[in-house]
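Engineer: return a 3D structure for these sequence lines:
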Amino acid sequence: MAWFRRQDKKLKETGKKNIPDGLWEKCPSCSEILYKPELDKNHSVCRHCQHHFRVSPDVYLQLIVDEGTDVELFQGLKSADPLKFKSGKKYSDQLDAAQIKTGDQDAIRCYSGEMNRKKIILGIMNFGFIGGSMGAVVGEKVSRAIDVADKNKIPFVLVCTSGGARMQEGALSLMQLAKTSTRLARFAEHGGLYIPILTDPTTGGVTASFGMLGDVILAEPGALVGFAGPRVIKQTIGQDLPKGFQRAEFLLEKGFVDHIVPREKLKSTLTNIIKILQSKIVRSE
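Structural biologist: Numbers count the residues shown, from 1 in each chain. Model prediction:
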């Protein structure tokens, strides 16, 4: 029993050291425990299974745009509450909370900048802002970004992530599908190049409009892409869905997506696509 007794009475217990919160994160795909600083260095991609975590717009801005060349556009636009919508919580209160949480005015940021010294217009949606839902401000910013790209004859790249149209704005949110689609059609008629990048998740009205109207449609590995969710579809048709249904790899196999691009290769892939397609446009002219 002496083995379990402290022989030296002068020794003092120092107590347990507190480990700061947020240092570790569990991968939802392979269940590995990941060191957060190392995960951040790898652009929030799991080194074990290549699962792509959802990230803030800042990550995509740093990945795609050359440092020091970005200028944010249309910063003064804010959502109104024309319907005075309330369901458990006022829509105006939801907007205030989302703005405080994310530091953004709405669910998208738009930039002009350079990518490997080539000018582009870039839009980045934010799932952290009311689920990346598309309201009047999102539709207006996308439309204005298309117009700027059209006027300056430069490519438009849009990082998509959304839960769909914003129900708190009713028909006004649904009108954005037609609004953005017509702008893209005009942009295409003028020879414009539009490349959407579908990230996890891209669903609802965004998928039904500008998310799937690109000249070249890219997606991140494992991204959920669709209109209605798998559970709703399964309940509607009363059948089991194929394995991997609505994931990027499934859509690539069925021809809805042109290429799946790991996050670390986004910039080089975009640069090559733009270089190839723009050179063909110049030769054809």
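Engineer: show me where the stretch 1-150 of the chain has its strands.
Structural biologist: All strands of the stretch 1-150 of the chain, identified by DSSP state E, counting those that start in this stretch, fall at 24-26, 33-35, 71-73, 86-87, 89-90, 108-115, 118-125.
Engineer: other residues contacting the third one?
Structural biologist: The reference is to strand 71-73. By C-beta atoms under 8 Å, 6 or more residues apart in numbering, the residues outside strand 71-73 that reach it are 109-113, 121, 141, 144-145, 148. Using the backbone N, CA and C atoms, a C-beta is placed for each residue, glycine as well.
Engineer: format those residues as JSON lines; extra columns: neighbour count.
Structural biologist: Output for the contacts of strand 71-73, formatted as JSON lines (neighbours: other C-beta atoms under 10 Å):
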{"residue": "109", "neighbour count": "25"}
{"residue": "110", "neighbour count": "22"}
{"residue": "111", "neighbour count": "21"}
{"residue": "112", "neighbour count": "19"}
{"residue": "113", "neighbour count": "20"}
{"residue": "121", "neighbour count": "25"}
{"residue": "141", "neighbour count": "23"}
{"residue": "144", "neighbour count": "17"}
{"residue": "145", "neighbour count": "24"}
{"residue": "148", "neighbour count": "16"}
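Engineer: what ranges do the helices span in the stretch 1-150 of the chain?
Structural biologist: 36-41, 57-64, 91-102, 136-152 (DSSP state H, counting those that start in this stretch).
Engineer: any buried residues in the third one, and which?
Structural biologist: In terms of neighbour count (16 or more other C-beta atoms under 10 Å), helix 91-102 has its buried residues at 91, 94-95, 98, 102.
Engineer: show me what it packs onto, helices and strands only.
Structural biologist: The contact analysis (3 or more C-beta pairs under 8 Å, 6 or more residues apart in numbering; DSSP states H and E) places helix 91-102 against no helix or strand.
Engineer: likewise the second one?
Structural biologist: Packed against helix 57-64 by the contact rule (3+ C-beta pairs under 8 Å, 6+ apart) you find strand 108-115, strand 118-125, strand 156-162, helix 266-284.
Engineer: the longest one: which residues count as buried?
Structural biologist: Yep, that's helix 266-284 we're talking about. Neighbour-count burial for helix 266-284, counted by 16+ other C-beta under 10 Å, picks out 266-267, 269-271, 273-274, 278.
Engineer: phi, psi for residue 196 please.
Structural biologist: In terms of degrees, to the nearest 10, the main-chain angles of residue 196 are phi -90, psi 150.
Engineer: who does it bridge with?
Structural biologist: residue 158 (DSSP bridges).
Engineer: reformat the helices of the stretch 1-150 of the chain as CSV; add mean pLDDT.
Structural biologist: Formatted as CSV, these follow (pLDDT from 0 to 100):
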stretch, mean pLDDT
helix 36-41, 95
helix 57-64, 97
helix 91-102, 96
helix 136-152, 98
